[in-house]
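Q: Make a model of this:
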Amino acid sequence: MKAVTFSGDPVYFSKMRVLWLAVCAGFVCWAVGFSGPRVILVKPLEQGPPGRLELRVDKGCGGVYKFGERLQVEVRSERSGYLTLFDFAPDGKVYIIFPNQFHRDNYIEGGVWHRIPGSLYPFEFVAAPPGGEEILFAVVTERKIDFIPRHYYEFTTVFPELPKPAEEAAEEVARGLEVIPAGEWWAAAMCFLFTGEPPLTKGWGVFVGINKYEHSPYSWIRIDRHNYGLGDLTYCVADAQAMAAALAENFGRQRVLTDGEATLQGVREGFEWLSQAPEDATALFYFSGHGARVKDEDGDEKDGWDEGIVLYDRVLLLDDELAGLVASLRAGKVVLIVDSCHSGTIHRGIRTFHIRKEARPLFPPLEDGFLEDIVRAGTRAIRPKQIVALTACRPDEEAAESPELGHGVFTYFLLQGLKGPADLDGDGRITAQELYEFAAERIEGRFPQEPQLHDPVGRPIPLLEVR
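A: Have a look, this model is predicted:
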């Protein structure tokens, strides 16, 4: 995209390149074992910065902007600090778009949304060639940190350019975060968007990851007139971002919703966008976060419980509603991947609601899984479709996340398989069924959870081509 500035002089254009990673500049290559700016910048997020920062664009991360469309970037930090916002270019260049020539002071107040450009800014962002995927990476630090030499902040251009190729610049940014002293506050976030047209692939995907829920660090969810705890998780955001990156080659149309973006409204809007996928496409919904359950009210659950996924605003998206959202999709193939559980626990690092020991008798073991009803509803819909669902564990088990792996256990082995080893028959493509088999085999006996596959049709659904 480009930045258009306004003054009494002729309009001045300053190229703000977009980072095209969907072929092999790192974004997709990660899926087959290579590195690049995308995977380098994910690492600080996986490590879990001490603070929280939200970054979004007005169409939502993963949104598509046609050439000539205007766009807005917004950030909100939980604490005040110094914001640096990076933009990576398709030609290997990297720009700092905040601070910039018009806003040299990059101090922002915490707790409020800051729009770039805002109404007082003398420029605007417009989608322009070259088209592709743009990666935005934002950092807020307690003290002012210069990620490029000081003299570049003299702003002889609108947006300073890092004097290194994209991959080296990403390494420099990551190193700059690594050397922040222990105990010193900082936060980081990533967002991407498409300009022009996204890659011409048959896959559309919505990826949801929630570490911190509304009113964190310890929230509550109402279940049958009782409050139960939702402790913060650590690796769900990294799970969603990594899965989106690993599947980008075949799922070029993506939306990634993390933390504050992953509200009930946000997920519904994600499915509304996903409903644009044509009949010959594959639609994928991935979720990493807390699960919960409530008493079944319509008699469609043999164990008497409706399961669901807990969204950022502590709303439970039940299997019944999710089944309706899936049934409304036009895509002929649907893949659901859920790394959460619904059994209830008193342990940390488990992706379900926390209950007190004395309350556990209120929650007997579940008998039917979260996605079973959704798969059945989708195959019986007015527009029947092939649905394959992968879940992290059996209904009465717990889905764990691992500090050693840096991900949810289930997601970690899915990611390992997508690097190539899950092509079990060697035909050059990884199917949803092969990916499940690869992950389940490596989890069995090592972790107290047993992944599940729901596949009533039995026809392979390709997820990724392996080169």
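Q: tell me the contacts of Glu161?
A: 93-96, 152 (C-beta atoms under 8 Å, 6 or more residues apart in numbering). Just so you know, the C-beta spots here come from the backbone N, C-alpha and C atoms, and that holds for glycine as well.
Q: for Ala277, same thing?
A: Shown in contact with Ala277 (C-beta under 8 Å, 6+ apart): 204, 253, 283, 329-331.
Q: Could I get the contacts of Glu161 in CSV, plus columns for secondary structure, distance to Val42 and neighbour count?
A: Below are the contacts of Glu161 laid out as CSV (DSSP: H, G, I helix; E, B strand; the rest coil; distance: C-beta to C-beta, whole Å; neighbours: other C-beta atoms under 10 Å):
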residue, secondary structure, distance to Val42, neighbour count
Lys93, coil, 20, 18
Val94, strand, 16, 28
Tyr95, strand, 20, 22
Ile96, strand, 20, 22
Tyr152, helix, 25, 16
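Q: Flag the least confident of those.
A: Lowest pLDDT of the contacts of Glu161: Tyr152, 76.
Q: Please name the nearest non-neighbouring residue to that one.
A: Excluding the flanking residues, the one nearest Tyr152 by C-beta to C-beta, 6 or more residues apart in numbering is Pro160, at 4.3 Å.
Q: Could I get the pLDDT score of that neighbour?
A: Value listed for Pro160 in the pLDDT field: 86.
Q: Could you do Tyr218 as well?
A: pLDDT, read off for Tyr218, is 74.
Q: check contacts around Gly48.
A: 234-235.
Q: so which helix or strand takes in it?
A: Using DSSP states H and E, Gly48 falls within no helix or strand.
Q: where's it relative to Arg38, distance?
A: Applying C-beta to C-beta, to the nearest Å, the value for Gly48 to Arg38 is 18 Å.
Q: again, but for Val237
A: For Val237 relative to Arg38 (C-beta to C-beta), the value is 15 Å.
Q: How about Gly426?
A: From Gly426 to Arg38 the distance is 27 Å (C-beta to C-beta).
Q: Could you check how many residues crowd around the residue nearest to Tyr152?
A: Residues within reach of Pro160, counting by other C-beta atoms under 10 Å, total 22.
Q: got the contact list for it?
A: Counted by C-beta under 8 Å, 6+ apart, Pro160 has contacts 95-96, 100, 148, 152-153.
Q: on that earlier part again, can you flag which of the contacts of Ala277 belong to strands?
A: Among the contacts of Ala277, the members found in strands (DSSP state E) are 204, 253, 283.
Q: so what's the second one bridging to?
A: What that stands for is Arg253. Trp204 (DSSP bridges).
Q: now swap in the one 5 residues further on and tell me
A: Taking DSSP bridges as the rule, Thr258 bridges to Gly209.
Q: Help me confirm that it comes into contact with Ala238.
A: No - using C-beta atoms under 8 Å as the test, Thr258 is too far from Ala238 to be in contact (9.4 Å).
Q: Mind checking which of the two has more residues around it?
A: Thr258 (30 against 25).
Q: Flag the shaky bits of the stretch 201-350 of the chain, pLDDT-wise.
A: Under the criterion pLDDT under 70, the flagged ranges of the stretch 201-350 of the chain are 201, 297-304.
Q: what do you get if the cut-off is 80, keeping everything else the same?
A: Within the stretch 201-350 of the chain, the stretches with pLDDT under 80 are 201-202, 216-219, 222-226, 228, 295-306, 342-348.
Q: For it, just list every one of the strands.
A: Ranges of strands in the stretch 201-350 of the chain, per DSSP state E, counting those that start in this stretch, are 203-209, 218-223, 226-231, 253-258, 282-288, 291-295, 305-310, 316-318, 333-339.
Q: export these to TSV and tack on distance to Asp396?
A: Below are the strands of the stretch 201-350 of the chain laid out as TSV (distance: least, C-beta to C-beta, whole Å):
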stretch	distance to Asp396
strand 203-209	24
strand 218-223	17
strand 226-231	17
strand 253-258	28
strand 282-288	19
strand 291-295	11
strand 305-310	11
strand 316-318	19
strand 333-339	15
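Q: who wins for proximity to Asp87 among those?
A: Among the strands of the stretch 201-350 of the chain, the nearest to Asp87 by C-beta to C-beta is strand 253-258 (17.3 Å).
Q: sorry, back to before: tell me which of the contacts of Pro160 is nearest to Lys357?
A: Closest to Lys357, out of all of the contacts of Pro160 and judged by C-beta to C-beta, is Ile96, at 51.6 Å.
Q: that older thread, out of the strands of the stretch 201-350 of the chain, which comes closest to Val73?
A: Among these, strand 253-258 sits nearest to Val73 (C-beta to C-beta), with 15.3 Å.
Q: And the contacts of the closest one?
A: 60-64, 189, 191-192, 194, 198-199, 201, 203-211, 237, 240-241, 244, 247-248, 266-267, 270, 273-274, 277.
Q: Just give me how far it sits from the chain centre.
A: 5 Å (C-alpha atoms, centre = their mean, to the nearest Å).
Q: Ends of stretch 391-408, what's the gap?
A: 12 Å (C-alpha to C-alpha, to the nearest Å).
Q: Also stretch 50-69?
A: 36 Å.
Q: and that stretch, how far out from the chain's middle?
A: 12 Å.
Q: can I assume Glu69 is in contact with Ala128?
A: No - in this structure, Glu69 is not within contact of Ala128 by C-beta under 8 Å, at 9.6 Å.
Q: higher neighbour count, the two?
A: Between Glu69 and Ala128, counted using other C-beta under 10 Å, the more crowded position is Ala128 (21 against 16).
Q: hang on, the more buried one is in a strand, isn't it?
A: No - using DSSP: H, G, I helix; E, B strand; the rest coil, the assignment for Ala128 is coil, not a strand.
Q: I figured it hits Lys66, correct?
A: No - assessed by C-beta under 8 Å, Ala128 is found out of contact with Lys66, at 10.4 Å.
Q: Which neighbours do these two have in common?
A: Thr195.
Q: Can you tell me the element the residue lying closest to Met190 once chain neighbours are set aside falls in?
A: Nearest non-adjacent residue to Met190, counting by C-beta to C-beta, 6+ apart: Phe137, 5.2 Å away. Here Phe137 sits within strand 132-141, counting by DSSP H and E.
Q: which element follows that strand toward the C-terminus?
A: strand 161-162.
Q: Which SSE is immediately downstream of that next one?
A: That would be, after strand 161-162 and using DSSP H and E, helix 166-178.
Q: Just the angle for that following helix relative to strand 132-141, thanks.
A: Angle of helix 166-178 versus strand 132-141, following axes from the mean of the first three to the mean of the last three C-alpha atoms, to 10 degrees, is 20 degrees.
Q: what's the domain layout of this protein?
A: Domain assignment for the chain by automatic domain parsing gives 2-194, 203-465.
Q: Check the offset of the longest one from the chain's centre.
A: Right, domain 203-465. With C-alpha atoms, centre = their mean, you get 13 Å for domain 203-465.
Q: The shortest one too?
A: Its chain's average C-alpha position is 17 Å from that of domain 2-194, according to C-alpha atoms, centre = their mean.
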